[in-house]
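> all I have is the shape, not the residue letters:
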């Protein structure tokens, strides 16, 4: 009996020799559903570590904002709502195009996958452009980068200069870390777009790889959903 | 799963990706989700445009902006739930994935219990340094900095402050 099993295995293995898989299932898994579940759980484990990293920053932000509420309200004076709103729109659109890329990967429509991935990358690049040109550079010019050159006009804007420096430290740390995630996302999405373009069988047949990248990208969107009200929508 | 596995497939063999059969969502789901997300984004911007005035309930001073924050964060949580459920496919995923997705956000709420420590510090009977509105700063003031006499002599300062 064992020899029969061996022969069957051998035969199927030979059919799909290029991937060492039988109907997409790698040898250590029972079936495709189990394999896809372990992909998802693995990716979510990584995302939990990301939640922990951002969570600590959100907690620290909450504490300081509660502790120095008055100065925090005056310190956000230089943060305009509109770049934040534009960036929220861009990230929401990019999340939509990313999920559509996964949808078309499931249906093996490579052309539409590439179009959606391209739209995602364009939105992500536009996000970074708005962030750097309309937010970071004017703040550098206004001496709002924490450090020896930080300057806060207490007479004009009120609040404490030192609290303003704490506020802008949080601002640059959290939006900067998020911006790095956006940059990494652009690189990864660009890479899988290249693989889709080359019609690499591992990525065309296995939609979970695109789904994993999409999970990362949605997480980046998720962080921004919380950063947006906390930095751009403080009521005056 | 076992029942579905024996059901005849709508798709021809090789027409869709491996294991995608029961995970393909209608496009309308994603369109509805993005539509809701945009509506909520406009709502949160709109809600932040006016500060809720402070008011009193039975001698208790309630800051109105407290409710601004509650509204903003509630909308953010709803938006996040929509993204996690529909864009990240947690709604149609296996129980193990759902648990794993939830665990990070549960941890996130636990970390905020640290605030209980700070909140109860004033109740501590020991003589503690009271909180001031200015925490001080460890950042040095650099020569050539905006407040120094030789401000803007070096290239770090791009635009002089009024």
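In hand now; what should we look at? The shown structure was predicted, so the numbers you read here are calculated from the model rather than taken from an experiment. Numbering: from 1, shown residues only, chains lettered A, B, ... in the order given.

> low-confidence ranges in the chain?
No chain in the question, so chain A it is. Counting by pLDDT under 70, chain A contains low-confidence ranges at A:1-20, A:236.

> the intended chain is chain B.
Applying pLDDT under 70 to chain B flags residues B:1-8, B:126-131, B:137-162.

> helix or strand: which one has the residue nearest the centre of chain B?
By CA atoms, centre = their mean, the mean C-alpha position of chain B lies nearest to residue B:76, the distance being 6.0 Å. Taking DSSP states H and E as the criterion, the element that holds residue B:76 is helix B:64-82.

> so how far is the helix or strand following that helix off the chain centroid?
Downstream of helix B:64-82, the next assigned helix or strand under DSSP H and E is helix B:95-111. The offset between the C-alpha centroid of helix B:95-111 and the centroid of the whole chain comes to 15 Å, using CA atoms, centre = their mean, to the nearest Å.

> can you list the domains in chain B?
Per the record, chain B has its domains at B:26-92, B:94-129, by automatic domain parsing.

> quick one: the helices in chain A?
Ranges of helices in chain A, per DSSP state H, are A:2-15, A:32-67, A:69-75, A:81-106, A:110-130, A:137-141, A:154-157, A:161-197, A:201-205, A:208-232.

> now render the ones you listed as CSV, adding distance to residue B:106 and mean neighbour count.
Heads up, the C-betas are built off the backbone N, CA and C, glycines and all. Conversion of the helices of chain A to CSV gives the following (distance: least, CB to CB, whole Å; neighbours: other CB atoms under 10 Å in any protein chain shown):
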stretch, distance to residue B:106, mean neighbour count
helix A:2-15, 42, 10
helix A:32-67, 10, 18
helix A:69-75, 28, 20
helix A:81-106, 23, 23
helix A:110-130, 29, 19
helix A:137-141, 35, 15
helix A:154-157, 39, 11
helix A:161-197, 22, 19
helix A:201-205, 33, 17
helix A:208-232, 15, 23
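
> make TSV out of the ones you listed and add distance to chain B.
Output for the helices of chain A, formatted as TSV (distance: least, CB to the nearest CB, whole Å):
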stretch	distance to chain B
helix A:2-15	13
helix A:32-67	4
helix A:69-75	7
helix A:81-106	4
helix A:110-130	11
helix A:137-141	4
helix A:154-157	8
helix A:161-197	4
helix A:201-205	5
helix A:208-232	4
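
> next, format the ones you listed as TSV and append distance to residue B:132.
Supplementary listing: the helices of chain A in TSV, determined by distance: least, CB to CB, whole Å:
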stretch	distance to residue B:132
helix A:2-15	72
helix A:32-67	10
helix A:69-75	11
helix A:81-106	31
helix A:110-130	37
helix A:137-141	27
helix A:154-157	15
helix A:161-197	10
helix A:201-205	57
helix A:208-232	24
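
> show the contacting residues for the residue nearest to residue A:123 when sequence neighbours are not counted.
The shortest distance from residue A:123 to any residue other than its chain neighbours is 3.6 Å, reached at residue A:94 (CB to CB, 6 or more residues apart in numbering or on different chains). With contacts taken as CB atoms under 8 Å, 6 or more residues apart in numbering or on different chains, residue A:94 has the following neighbours: A:119, A:120, A:123, A:124, A:127, A:217, A:221.

> please repeat the previous calculation with a cut-off of 6 Å.
Taking CB atoms under 6 Å, 6 or more residues apart in numbering or on different chains as the definition of contact, the neighbours of residue A:94 are A:120, A:123, A:124.
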